[in-house]
Structures are given as structure tokens and as C-alpha cells.
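**Student:** build the 3D model from these lines:
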Amino acid sequence: MWFCLLIRKVPKVLLEAMVMRKPFITNDASGCKMFAMIENKRLLIKLKDIKNFYYAMKRMLQYTEAERKQMGGAGRKLIVEKHEN
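**Tutor:** Numbers count the residues shown, from 1 in each chain. Here you go, the predicted model:
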């Protein structure tokens, strides 16, 4: 029940990215914060902060492909764990 309530606050595109094992950058809007810290890689930006978004994109591109896959896999794992409970 907790996860069902949580999903209502999270944008579908973020949930879809996690299910598809894709790394993501999100903002600090309601429901997104808790998903932003995965595998010690935090890509959380302030809402409407273009400069911060630029730097987050730059960081994402600097991660190796293996690191991005690890981030995506961790997102998938989080979704599966929350759904099972």
C-alpha cells in the first residue's frame, strides 16, 4: 500500500526509467527526492535551475557506461523491492 501511494507522487517517466534500468536526473520536487540517491550517485537538481541541470548532465556524461548501467540497475532493484513489500 505504501508504494502505491508513493507512485502517485512520482512522475511516470521517472518510474519508467527505473523499470527500464536507465539512469536519470531529476529535480527536488515532491516524490522525486527519495529516488535521486542511488548507488551514492546523486543527480538531483533544483526546480528550474538550468545551470545546475547543465552540470548534472555533464556529470552523467562523465560516468563510464558501467557506472550508468549500475545506476540504472540500482533503480530497477529499488522499484522491485518496493513493489514486493
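**Student:** the strands in the protein, which residues?
**Tutor:** 26-27, 37-38, 41-42, 44-45 (DSSP state E).
**Student:** in terms of mean pLDDT, which of the ones you listed ranks lowest?
**Tutor:** Mean pLDDT values for those show the minimum at strand 37-38, a mean of 58.
**Student:** how far off centre is stretch 16-28?
**Tutor:** Centroid separation for stretch 16-28 versus its chain: 4 Å, with Cα atoms, centre = their mean, to the nearest Å.
**Student:** residues in contact with it?
**Tutor:** 14, 32, 35-36, 41, 43-47, 53, 56-57, 60, 63, 68-69, 71-73, 75-76, 78-79 (Cβ atoms under 8 Å, 6 or more residues apart in numbering). Quick note: C-beta positions are derived from backbone N, CA and C, even for glycine.
**Student:** and the end-to-end length of that stretch?
**Tutor:** Terminal residues of stretch 16-28 lie 18 Å apart, using Cα to Cα, to the nearest Å.
**Student:** try stretch 27-46
**Tutor:** 5 Å.
**Student:** buried stuff in the longest helix anywhere in the chain?
**Tutor:** Criterion DSSP state H: the longest helix present in the chain is helix 65-84. Using 16 or more other Cβ atoms under 10 Å as the test for burial, helix 65-84 gives R68, Q70, M71, G72, A74, G75, R76, I79, K82.
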